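*Asks:* return a 3D structure for these sequence lines:
(chains A, B and C)
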Amino acid sequence: MLYVPDLLQAIDMLGTFVFALSGAVAGVRRGLDLFGVLVVGFVAAVFGGITRDILIGAVPPDAFLHPHYMILAAGAGLLTFRWYPLVARFTYPVRLFDAVGLALFAVTGTEKALHHGLDGLSSAFLGIVTAIGGGVVRDILLAEVPVVLRSDIYAVAALAGALVVVAGDQLALPEAPVALLGAALCFTLRMLALYRGWQLPSSRWYAKGGP
Amino acid sequence: MLYVPDLLQAIDMLGTFVFALSGAVAGVRRGLDLFGVLVVGFVAAVFGGITRDILIGAVPPDAFLHPHYMILAAGAGLLTFRWYPLVARFTYPVRLFDAVGLALFAVTGTEKALHHGLDGLSSAFLGIVTAIGGGVVRDILLAEVPVVLRSDIYAVAALAGALVVVAGDQLALPEAPVALLGAALCFTLRMLALYRGWQLPSSRWYAKGGP
Amino acid sequence: MLYVPDLLQAIDMLGTFVFALSGAVAGVRRGLDLFGVLVVGFVAAVFGGITRDILIGAVPPDAFLHPHYMILAAGAGLLTFRWYPLVARFTYPVRLFDAVGLALFAVTGTEKALHHGLDGLSSAFLGIVTAIGGGVVRDILLAEVPVVLRSDIYAVAALAGALVVVAGDQLALPEAPVALLGAALCFTLRMLALYRGWQLPSSRWYAKGGP
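*Replies:* As a prediction, this is how the structure comes out:
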C-alpha cells in the first residue's frame, strides 16, 4: 500500500469527494430524495474500494474503518442536494478531480491487491475495479447501463496506470515513484481522451446486431 | 447481538416472511416465472443481512447457516405465486409487518456490527444496510430504481433505530431495553410516515436538472 | 471439490468460455464499446463462482487465483467483438456448451459448498448461484430483468443436478460418479427444455396484477 502521509492522502480524500459529487449529481438529475442522493453519492465514492476489499478478504473494508470516507461522501451529497447549479457549474474542475481520483484509486487498488499476494493480472484487474466499481454501481442503482461500459477512454486509462504498478512490482522497483508514474500516466491518458474526444470502438457489427 | 429466545425470534421470522412477500408480489407483478418469484422473494428477505455479514467478515452468512430463512422465504413465494389476490388484499397488515421487520433488522444489524468491533457510524450504516438492502436488490433485479431511494420515510426510520442502539452502546446501557426502544422508535416513525404521507424532499433543482 | 485432472478441467474451461461468449454477444447487441464487451463477458463467465466464493469465505476467489479464467473470458470477448456474425452463427453449439457449463458449474459449486461445511439446502442453493449468477449480473449490467428469472427451465435443471450431489453426499456415496450423474441430469433436463420448449409457469394472476 502506498504510505501517503500528506499530499497523497489529501488527493485520496479529494478523489472520494469528487466521486461522491458525481453520484449525487446523477441522483439529483433522476429525482431521488435526500436519502437517495446521499446513498448514490456514497456508493459512487466507495463501492469500488469495498468490492476490492471483499475480494481480497480485507473485511471490514477500509470505508467502514475510517469514518472520513462516509463524512466526505455525505458532505458532497448535501452540497449537491442544496446547491446543485453551483456544483454543475464546476463540471470542468470536477472532471479534472475525477481524473485525479481515477488515477489514484487505480494505483492504490493495484498496490493493495499485490500486497495481499495476488498475481499481476488479478491485481491490475482489482485496480480497475477500485477505480471504476463505484461508477458502475451508481449507474446500476439508477437502472442505466453503466456509462463506463459504453463509451470513452476511462477504464483503459485506469488499466494503463495499474499495469505500470504491476510492472514496477515485478521489476522490484521502489514503490513510491512507480506509483506516481502510474498515476501520472492514467491521469494524462484520461485528460487527453477528454479533450480529444477519444473513444474506444464499438463492435462494427453493432448496427446489424443491434436491438 | 440480541439474544432473542422467543418473542423476538418470532418477530425475526415474521420480518423475513413479510419481506419475502414484498419481493414475491413485485415478481408476480412483473410476470416472472415461478423460479423468478421465489428468487426475488428470497433476495428481498435476506440480501440485506447477507451484505452485512459479508462486510463484517461473518461468512457463511446467517441465511445459509439457518435453513429456516430459506424455507420461510420459499413459503412466502409459493403462497404469493398461487394466491396473489389474497396476499394483495392483506396490504395493510403486510405494511404493518414490514415496519416491524424494518425495525427489527435495523436494530439487530447495528448490534451485530457493534459486536464485530465496528465504530458507531459504520454500525449504524450496516444496520440500515441490513434493513433496506433486500428491497434495494429486489428492485435492481426488476430493473427499477430502488423505491427506497426515491420516496418515503423508510431508511430514515431505520437510521433512527440504529442511532438509538449506537447511543446505548456508547453509554454502556443494558442491551435488551435499548434494542426495544430503538425498534419502537423506528416502527413508530415508519407508521407515522405511512399514515401522514411524510416524504423526504427531492432536491428543489430536480425540475430544472431533470432529464 | 471434484478433482478434475483432464476431461473435467477441459469442460470447466469450455464452460467458462461459452458463458463469456454469451456475455460478449449480449454486450455487442447493446452497443457497448470494447471494454464493455470484455467486462460483460468476464462477468457472465465468473461472477457466479466469485459470489459463491465470497459467501463461503474462500477469498480471493478462484477466478483471481487462476489466470486462465481471465484469459479465456478475454479471448471469448475479443472473438465476439471482431467476428460477431461467426459467433452468432454458432448459436446451436453454444447452447449445447452452455448446457454443459451449467451442469458442471451447478455440480462443482454444490460440492465446493459442501466441502466448506454448509448444509445440503444451502449447498444446493450455492450450486445454483454458481451456475446462474454470471448470467444474472450480465443482465443487470445491461439494465434488463435477468432472463433466468423470466422464462425457461434453466435454474431448475441446475437445482436438479445440485440435489443429486447433495443426496449423494448425505448417503456417503463416492463423489466422482455422483457428480457425473448430477451433471448428466442437469444437462439432459436443460436440453429437453430447449427442444420441447418447456417453460416454468408465470403466476396466473400476472394478467390481472401486471403493470
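*Asks:* A:V87 sits in which helix or strand?
*Replies:* helix A:84-89 (DSSP states H and E).
*Asks:* quick check: what element follows that helix along the chain?
*Replies:* helix A:91-115.
*Asks:* A:R204: what secondary structure?
*Replies:* Secondary structure, DSSP: H, G, I helix; E, B strand; the rest coil: A:R204 is coil.
*Asks:* residue in chain A nearest to chain C?
*Replies:* Nearest residue of chain A to chain C, counting by Cβ to the nearest Cβ: A:L149, 3.1 Å away. Placement of C-beta: from N, CA and C, glycine included.
*Asks:* the residue nearest the centre of chain A: which element?
*Replies:* Ranked by distance to the mean C-alpha position of chain A (Cα atoms, centre = their mean), the top residue is A:A131 at 3.1 Å. In the assignment (DSSP H and E), A:A131 maps to helix A:120-141.
*Asks:* burial count for A:V156?
*Replies:* Applying other Cβ atoms under 10 Å in any protein chain shown, we find 19 residues neighbouring A:V156.
*Asks:* wait, it sits on A:L200?
*Replies:* Yes. Counting by Cβ atoms under 8 Å, A:L200 is a contact partner of A:V156 at 6.7 Å.
*Asks:* overlap in contacts, those two.
*Replies:* C:F35 (Cβ atoms under 8 Å, 6 or more residues apart in numbering or on different chains).
*Asks:* where does chain A have low pLDDT?
*Replies:* A:1-8, A:151, A:205-211 (pLDDT under 70).
*Asks:* hey, where'd the helices end up in it?
*Replies:* A:7-29, A:34-56, A:62-65, A:68-82, A:84-89, A:91-115, A:120-141, A:155-170, A:175-196, A:206-209 (DSSP state H).
*Asks:* can you lay out these as TSV showing distance to B:G27?
*Replies:* Formatted as TSV, these follow (distance: least, Cβ to Cβ, whole Å):
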stretch	distance to B:G27
helix A:7-29	26
helix A:34-56	23
helix A:62-65	32
helix A:68-82	31
helix A:84-89	35
helix A:91-115	36
helix A:120-141	19
helix A:155-170	33
helix A:175-196	41
helix A:206-209	30
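*Asks:* so which of those helices gets nearest B:L192?
*Replies:* In terms of Cβ to Cβ, the element of those nearest to B:L192 is helix A:34-56, at 16.6 Å.
*Asks:* just the CA atoms of the closest one, as PDB, please.
*Replies:* Extracted C-alpha coordinates of helix A:34-56, given in PDB (Å, rounded to 0.1, in the frame of the first residue of the first chain):
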ATOM      1  CA  LEU A  34     -32.300  13.300   0.000                       C
ATOM      2  CA  PHE A  35     -31.600   9.800   1.300                       C
ATOM      3  CA  GLY A  36     -31.300   8.500  -2.200                       C
ATOM      4  CA  VAL A  37     -28.900  11.300  -3.200                       C
ATOM      5  CA  LEU A  38     -26.700  10.600  -0.200                       C
ATOM      6  CA  VAL A  39     -26.700   6.800  -0.900                       C
ATOM      7  CA  VAL A  40     -25.800   7.200  -4.600                       C
ATOM      8  CA  GLY A  41     -23.000   9.600  -3.700                       C
ATOM      9  CA  PHE A  42     -21.600   7.300  -1.100                       C
ATOM     10  CA  VAL A  43     -21.800   4.300  -3.400                       C
ATOM     11  CA  ALA A  44     -20.100   6.100  -6.200                       C
ATOM     12  CA  ALA A  45     -17.300   7.100  -3.900                       C
ATOM     13  CA  VAL A  46     -16.500   3.900  -2.100                       C
ATOM     14  CA  PHE A  47     -18.100   0.900  -3.700                       C
ATOM     15  CA  GLY A  48     -15.100   0.200  -5.900                       C
ATOM     16  CA  GLY A  49     -12.800   0.000  -2.800                       C
ATOM     17  CA  ILE A  50     -15.300  -2.000  -0.900                       C
ATOM     18  CA  THR A  51     -15.600  -4.600  -3.700                       C
ATOM     19  CA  ARG A  52     -11.800  -4.800  -3.900                       C
ATOM     20  CA  ASP A  53     -11.600  -5.300  -0.100                       C
ATOM     21  CA  ILE A  54     -14.300  -8.000  -0.100                       C
ATOM     22  CA  LEU A  55     -12.500  -9.900  -3.000                       C
ATOM     23  CA  ILE A  56      -9.100  -9.900  -1.200                       C
END
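*Asks:* that one to helix A:68-82, inter-axis angle?
*Replies:* 150 degrees (axes from the mean of the first three to the mean of the last three Cα atoms, to 10 degrees).
*Asks:* quick check, the residue in chain A closest to chain B?
*Replies:* A:G36 (3.1 Å).
*Asks:* how many other residues sit next to that residue?
*Replies:* 29.
*Asks:* what about the residue nearest to it when sequence neighbours are not counted, neighbour count?
*Replies:* Of all residues not flanking A:G36 in the chain, B:L149 sits nearest, at 3.1 Å (Cβ to Cβ, 6 or more residues apart in numbering or on different chains). Applying other Cβ under 10 Å, we find 27 residues neighbouring B:L149.
*Asks:* so B:L149 sits right up against A:V28, yeah?
*Replies:* No. Between B:L149 and A:V28 there is no contact under Cβ under 8 Å: 11.8 Å.
*Asks:* for A:S202, give me its contacts.
*Replies:* C:V28, C:G31, C:L32, C:D33, C:L34.
*Asks:* buried subset of the residues you listed as a ChimeraX selection?
*Replies:* The buried subset of the contacts of A:S202, as determined by 16 or more other Cβ atoms under 10 Å in any protein chain shown, is captured in ChimeraX by this line:
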select /C:28,31,32,33,34
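*Asks:* from the contacts of A:S202, which are also near chain A?
*Replies:* Among the contacts of A:S202, the ones lying near chain A by Cβ under 8 Å from any Cβ of the partner chain are C:V28, C:G31, C:L32, C:D33, C:L34.
*Asks:* so can I have a markdown table of these showing distance to B:A88?
*Replies:* Output for the ones next to chain A among the contacts of A:S202, formatted as a markdown table (distance: Cβ to Cβ, whole Å):
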| residue | distance to B:A88 |
| --- | --- |
| C:V28 | 41 |
| C:G31 | 39 |
| C:L32 | 39 |
| C:D33 | 43 |
| C:L34 | 46 |
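*Asks:* farthest pair in these?
*Replies:* So, the ones next to chain A among the contacts of A:S202 by Cβ to Cβ: farthest apart are C:G31 and C:L34, at 11.6 Å.
*Asks:* about what we covered before: buried residues in the helix holding A:V87, which are they?
*Replies:* Buried, per 16+ other Cβ under 10 Å, within helix A:84-89: A:Y84, A:V87, A:A88.
*Asks:* tell me which other helices or strands that helix touches.
*Replies:* helix A:7-29, helix B:206-209 (3 or more Cβ pairs under 8 Å, 6 or more residues apart in numbering or on different chains; DSSP states H and E).
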